[in-house]
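# only geometry, no sequence info:
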């Protein structure tokens, strides 16, 4: 099925297939993988890659993820144990390596070190802004403020034209040009919101078809359902199934 064929009923049915697996999940990773796989499989004619991220304090990351983050330019000296790291917990796509978070070579963990650091990553900066996350929250790591600012809403990140979309500073919103052209990425959309404890949930989908905003908005309830069912799995000890 293509994304443009989606209806509210399609999304509701998709959730009924995912919900039992989410309810039985022993970790957020297990639940997120079920969601990513379901979205990609249902819309395999349009989806290139579906990914699920959640923020995890740097000090609670598995050792390999900590090592990866520390090796990023400008990260090692600025990290603290409480630095939120946007961490990959579920992934499904057309390449075999995209179906296992441990095989992600570049985007498995994105540290939200400071507003300035994040502003240097065009896609993440726009994603956070469109989800309603104030970038100065990143400087304080103030979880209650994030919850207060976003509340129970689920926001939408939307890039209609992945090739041409530019931010206010003239940078490509999707800067991975090689990836965009190699897989003919047309549109990118994402949804997300905050858990009660201040962790940020993000689901991002890369599409080979041009997806309308109204179609992307249909996925807001799906992510809201997922967030509600996984509230008990976002404690650091329950996020990862594997190191």
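Alright, I've got the coordinates. Note that the coordinates shown come from a computational prediction; the quantities given were computed from them, not determined experimentally.
# quick one: low-confidence ranges for the protein?
Within the chain, the set of residues satisfying pLDDT under 70 comprises 151-152.
# mind listing residues that contact the longest helix belonging to it?
Ranked by residue count and defined by DSSP state H, the top helix of the chain is helix 8-24. Taking C-beta atoms under 8 Å, 6 or more residues apart in numbering as the criterion, the residues outside helix 8-24 that touch it are 1, 30-31, 34-35, 38-39, 42, 218-219, 221-222, 225-226, 229-230. Using the backbone N, CA and C atoms, a C-beta is placed for each residue, glycine as well.
# could you identify the helix or strand that succeeds it?
Along the chain past helix 8-24, the next helix or strand (assigned with DSSP states H and E) turns out to be helix 28-42.
# list the buried residues in that following helix.
Residues of helix 28-42 classed as buried by neighbour count (16 or more other C-beta atoms under 10 Å): 28-40, 42.
# any idea how far the closest residue in space to residue 115 that isn't next to it in sequence is from residue 86?
Excluding its sequence neighbours, the residue lying closest to residue 115 (C-beta to C-beta, 6 or more residues apart in numbering) is residue 135, at 4.0 Å. Shown here: residue 135 relative to residue 86, a distance of 13 Å by C-beta to C-beta, to the nearest Å.
# cool, residue 116 as well?
As defined by C-beta to C-beta, residue 116 lies at a distance of 16 Å from residue 86.
# do residue 63 as well
Distance from residue 63 to residue 86, by C-beta to C-beta: 18 Å.
# between those two, which is the more surrounded one?
Applying other C-beta atoms under 10 Å to residue 63 and residue 86 shows that residue 86 carries more neighbours, namely 21 against 8.
# wait, the more buried one touches residue 110, no?
Yes: with contact defined as C-beta atoms under 8 Å, residue 86 counts as touching residue 110 (4.2 Å).
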